[in-house]
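**Q** when you get a sec, could you give me coordinates for this:
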Amino acid sequence: MAQSSTQTSPNASDSEQKQPDKSEAEGTVRAEAPVWQTLRTLWPYIWPSDREDLKRRVGYAMVALLLGKMANVFTPYFFKWATDALADPNAVDGIGPIGWLSVPIILVIAYGLGRVVNIGFEQLRDGIFARVGQYAVRRLSDETFRHMHSLSLRFHLQRRTGGLSRVIERGTKGIESVVRHTILSAFPTLLQFVLMAGVIAYQFDWIYVVVVVALVVFYVWFSATVSSWRIDIRRAMNESDNEAHSKAIDSLLNFETVKYFGNEELEAKRFDVSMASYEKSAIRTWISLAWLNFGQITIFSIGMALCMGLSAQAVINGEQTLGDFVMINALLMQLFVPLNFFGFLHREIKQGLVDLEAMFSLLREEPEIVDKDGAGPIAIKGGDIRFRDVKFHYDEERPILRGVSFDVPAGKTVALVGPSGAGKSTISRLLYRFYDVKGGAIEIDGQDVRDVSQHSLRQGIGMVPQDTVLFNDSLGYNIAYGRPDAGNGEIEEAAQLAQVSDFIKSLPDGFDTEVGERGLKLSGGEKQRVAIARTILKAPPILVLDEATSALDSHTEQEIQSALDQVSKNRTTLVIAHRLSTVINADEIIVLEKGLIKERGTHGELLEQKGLYASMWDRQREASEAQERLRQALEKDEQGYLSPGTKQSESAE
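**A** Okay, the predicted model is just below:
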């Protein structure tokens with residue numbers, strides 16, 4: 001019996017080897033805060049003040065935990081009694097011809113039932129507590145997701161999407177890991193130590209308690225010390241994992257660019273460099289885990305040998321029974337399971353806390369743009385826009401706008417043109433309040449955009465960007481994104497006004513057609529029409545067209561332009577244009593250069609000034625004429641090339 005029990009320890013070690021380092025491959029170690037600080041931050045999610053039902057579940061889980069541990073600690077008594085009954089048949093005289101056999105069998109069955117009861121209470125505890133843990137995961141994940149959307153555009157431009165998603169993913173897993181292992185594993189393990197020490201002190205001698213306490217202290221110290229050392233190895237491994245994941249995401253998002261330049265091998269090499277670093281750190285992790293497991297087994301084996309030796313000598317001296325010898329073995333084996341689990345438990349909790357701290361650091365990230373206290377919704381009546389001496393810079397040493405003033409009267413169309421880097425797109429970002437001006441003010445119907453809520457401001461403005469990015473969903477979903485509560489009839493009407501309805505109807509799945517990631521299954525013109533349709537559905541009083549046709553061919557541009565003209569009718573419209581041919585009908589054209597207004601007026605007035613606008617117009621016209629001459633020459637050459645062949649074919653006939 002003792003031998004059989006002793007042989008179970010390697011299995012526990014094998015389990016430790018196979019599954020403890022899940023977090024090592026997935027966790028991230030970047031910012032490490034004090035343990036109690038992180039736990040204090042997490043506590044309201046575990047013990048929510050507004051959820052009495054979850055608090056009761058925590059209480060029920062604790063009761064199940066206590067009953068399970070008591071059954072676990074006292075079960076070895078059945079093992080002892082069964083052994084004594086087998087070793088001394090005289091102890092069961094008078095029970096009957098099979099009494100000497102039935103008593104130990106009953107005790108063995110009781111021993112097995114005790115273990116079943118223990119496991120049953122553990123599973124009951126886990127089942128009761130599951131709702132608490134998942135509530136914490138859901139609530140904290142939701143808060144993090146919402147917070148990510150509240151952060152400034154600058155933050156998202158500076159962060160790698162792949163790396164950010166990994167932090168959130170690990171933090172979400174860390175919530176459940178910390179909650180489950182702290183409450184359902186760490187506390188029960190401590191409770192089991194206390195109960196077991198009491199049983200050993202009562203059933204055996206104080207020297208056994210000294211040996212067990214020394215064993216536990218040294219075992220825990222060794223496991224914690226080595227696990228802390230392994231954190232540094234894990235840090236390097238996770239940083240390599242972050243880098244590899246970011247490069248993979250970046251490469252896949254730019255799939256077409258990779259294909260354009262035939263740089264698949266370059267991308268593979270960049271990814272492999274990060275994976276090679278990950279491989280090196282991962283190997284060190286597994287080697288260090290092997291040393292950790294070896295040290296743990298050695299420490300425990302020494303402690304077990306001492307206790308078993310003391311008990312064996314006591315049996316020889318007649319001070320203990322054979323059942324006592326088996327019982328101390330069973331107690332120590334039950335102690336070994338949570339002890340062997342401690343290394344894993346320590347790493348999981350610490351790794352979960354580190355991952356949580358990385359997520360909490362995101363939650364502590366302050367939004368650059370926030371609403372003022374008491375900021376109310378904007379009241380847009382006509383939609384008059386006024387820029388008053390607006391100054392702005394991303395970097396103090398590189399000013400973008402140096403004092404820009406202009407008006408966009410309600411219902412009128414004003415165009416912004418100029419060379420690259422003049423600050424045209426920055427103006428649209430300031431109007432949306434992705435950034436705050438450094439000087440001056442932006443007003444809509446006399447209201448400073450900094451004095452109203454961001455949500456209401458952006459609800460009142462519609463944007464058709466140059467680079468339309470669609471969600472990886474259906475055409476209907478992407479159009480309805482302009483107003484999610486719109487009905488099917490309204491969605492179809494918006495598609496018709498955007499001149500995309502016929503295209504959608506020609507598709508087998510119609511509005512249910514999937515557009516692919518970032519809308520890659522659609523052409524540039526089709527994506528632009530979808531963007532126009534969702535803006536029509538939004539029906540904003542103010543419209544911003546940020547170079548909405550510059551990436552399209554001339555024929556598609558003309559079709560899109562007619563749709564845009566219809567959308568902007570009776571709306572205050574700010575057009576940011578690269579092709580001047582798209583803004584000749586604007587009520588006013590403002591020419592920007594180096595963050596200043598260089599010229600302003602109508603198309604005809606600006607041509608008469610013979611300034612920057614006129615020179616830009618001439619260059620674009622010459623380029624357009626040259627392109628047209630080339631097209632005609634190619635058509636003529638194609639006709640001349642085909643003509644002889646056609647004649648020969650006719651002659652042969």
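**Q** correct me, but residue 376 touches residue 454?
**A** No. Contact between residue 376 and residue 454 fails when scored by Cβ atoms under 8 Å: they sit 11.9 Å apart. In short, each C-beta sits where N, CA and C put it, glycine included.
**Q** in terms of neighbours, single out the busier of the two.
**A** residue 454 (19 against 12; other Cβ atoms under 10 Å).
**Q** what residues are up against the more buried one?
**A** 369, 371, 433 (Cβ atoms under 8 Å, 6 or more residues apart in numbering).
**Q** can you check the pLDDT for residue 70?
**A** Residue 70 carries a pLDDT value of 79.
**Q** quick revisit: so which of the contacts of residue 454 wins on neighbours?
**A** Neighbour max across the contacts of residue 454 (other Cβ under 10 Å) = residue 433, 20 neighbours.
**Q** how about that residue: what's its closest non-neighbour residue?
**A** residue 449 (5.3 Å; Cβ to Cβ, 6 or more residues apart in numbering).
**Q** could you identify the helix or strand that succeeds the helix or strand harbouring residue 386?
**A** According to DSSP states H and E, residue 386 maps onto strand 385-395. Note on strand 385-395: by DSSP H and E, the next helix or strand toward the C-terminus is strand 398-408.
**Q** can you pull the domain assignment for this protein?
**A** Recorded structural domains for the chain (assignment: automatic domain parsing) are 31-363, 385-610.
**Q** export those domains to TSV and tack on distance to residue 618?
**A** Shown next, in TSV, are the domains of the chain (distance: least, Cβ to Cβ, whole Å):
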stretch	distance to residue 618
domain 31-363	32
domain 385-610	9
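**Q** what's the least confident stretch among the ones you listed?
**A** domain 31-363 (a mean of 75).
**Q** just to check, residue 183 is in contact with residue 126?
**A** No. Between residue 183 and residue 126 no contact is recorded; they are 10.7 Å apart, counting by Cβ under 8 Å.
**Q** comparing the two, which shows the higher neighbour count?
**A** residue 183 (19 against 15).
**Q** that older thread, around the residue nearest to residue 433, how many other residues sit close by?
**A** 20.
**Q** was I right to think it contacts residue 456?
**A** No. Taking contacts as Cβ under 8 Å, residue 449 lies outside contact range of residue 456: 10.2 Å.
**Q** which residues do these two both contact?
**A** residue 378.
**Q** so what's the nearest residue to residue 465 once chain neighbours are set aside bridging to?
**A** Computed as Cβ to Cβ, 6+ apart, the closest residue to residue 465 that is not its neighbour in sequence is residue 546, at 5.0 Å. On the basis of DSSP bridges, residue 546 is bridged to residue 576.
**Q** who's in contact with residue 546?
**A** 425, 428, 463-466, 576.
**Q** from those, which is closest to residue 310?
**A** The nearest member of these to residue 310, counting by Cβ to Cβ, is residue 465 at 79.0 Å.
**Q** neighbours of residue 144, just the number please.
**A** 18.
**Q** what's the answer for residue 451, then?
**A** Residue 451 has 15 neighbours, counted by other Cβ under 10 Å.
**Q** can you tell me how far it is from residue 436?
**A** 12 Å (Cβ to Cβ, to the nearest Å).
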